[in-house]
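Enquirer: heads up, no residue letters with this:
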């Protein structure tokens with residue numbers, strides 16, 4: 001089985017970068033088939049340069065720390081898929097790996113979105 005790889009880029013002092021790293025550490029404790037690369041920049045200017053480069057090379061438009069993405073290999077090509085920030089990463093880890101590192105606000109938002117989706121689905125079936 002191919003290891004799944006996630007890359008977490010961020011400002012070294014950013015609390016959201018630290019949270020994404022903690023989520024990754026927890027994930028690795030329960031799933032050894034996950035590889036994590038953490039890239040921190042202590043200086044804000046260096047972070048901005050890194051983020052601009054990531055956005056340019058990958059055609060993304062991400063503006064905050066952290067910038068989390070997944071690296072996949074398909075037919076000899078490497079692809080980087082933007083996940084987003086620490087909240088986006090927490091949701092992905094919860095859905096894909098059933099490791100819940102979401103905070104209460106994220107759980108509530110996800111539950112509301114799920115209820116809306118169920119309501120739309122039920123309404124659509126009635127029509």
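Expert: Received, thanks. Worth saying up front: this structure is predicted, and the values here are computed from it rather than measured.

Enquirer: CA only for contacts and neighbour counts going forward, please
Expert: OK.

Enquirer: for the protein, what spans make up the strands?
Expert: 4-11, 34-41, 67-74, 77-84 (DSSP state E).

Enquirer: Quick check: which of those strands is nearest to residue 25?
Expert: For residue 25, the closest of the strands of the chain is strand 34-41, at 8.3 Å, according to CA to CA.

Enquirer: what residues does the closest one touch?
Expert: The contact list for strand 34-41 (CA atoms under 8 Å, 6 or more residues apart in numbering) reads 3-12, 21, 24, 27-28, 47.

Enquirer: Spatially nearest residue to the residue nearest to the spatial centre of the chain, not counting backbone neighbours?
Expert: Central residue of the chain (CA atoms, centre = their mean): residue 89, 2.8 Å from the mean position. Closest residue in space to residue 89, ignoring its immediate chain neighbours: residue 83 at 6.3 Å, by CA to CA, 6 or more residues apart in numbering.
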